[in-house]
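Participant: Starting from these lines, generate the structure:
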Amino acid sequence: MAEVLFYHLTESRLEDALPELLERSLQRGWRAVVQAVTEERRDALDHHLWVFRDESFLPHGTDAEAGGHRQPILLTIDPAQGANDPQIRFMVEGAVPADLAPYVRGVYLFDGHDDSQLATARARWKAEKQAGHDVTYWQQSEDRRWLKKA
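Facilitator: Residues are numbered from 1 along each chain as shown. Presented below is the predicted three-dimensional model:
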């Protein structure tokens, strides 16, 4: 079973939090897949990961391009996409995966100011627990640090 983490964004935006979490995943030697809900969001994240920091970028590609299987980070809208053989799957803004069992870790990132994303996160918490995954809940402090709450 996968370790499933729920990251409740209360002090920063997805664009601020996701790159750091992806960097940590790459440092572990993991490949990652990031699942968005819409093509527009996937494409916006694609652009952001190239320019989020002046001195670096995150190597990645999208499922709209050829060669996704070679990418350390693959951005997708497909709930079952895993062409790059990832160990970790990130779901953003209410994305729901087909199955987290094949992964070492699944990560839900959701905006604490968006009622729809909160409702999806609550439903997924119940579903992932029921599926037997080890689930933890993390919330941001005022200084944007992650605090384990459950």
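
Participant: Mean pLDDT per element in this protein, and the minimum belongs to which helix or strand?
Facilitator: Scoring the helices and strands of the chain by mean pLDDT, DSSP states H and E places strand 146-148 at the bottom, with a mean of 93.

Participant: Could you look up the SS state of the spatially most central residue of the chain?
Facilitator: Of all residues in the chain, the one closest to the mean position by Cα atoms, centre = their mean is Phe90, 2.1 Å from it. Taken by DSSP: H, G, I helix; E, B strand; the rest coil, the conformation at Phe90 corresponds to strand.

Participant: Per-residue pLDDT of Ile77, please?
Facilitator: Per-residue confidence (pLDDT) for Ile77: 96.

Participant: brain fart, Arg28
Facilitator: Reported pLDDT for Arg28: 97.

Participant: now swap in Ala66 and tell me
Facilitator: Ala66 is given a pLDDT of 88.

Participant: Where do the helices of this protein begin and end?
Facilitator: Using DSSP state H, the helices of the chain run over 14-27, 39-51, 115-130.

Participant: what's the burial count for His48?
Facilitator: Burial of His48 is recorded as 16 neighbouring residues (other Cβ atoms under 10 Å). For the C-beta atoms, the positions are set from N, CA and C on the backbone; glycine is no exception.
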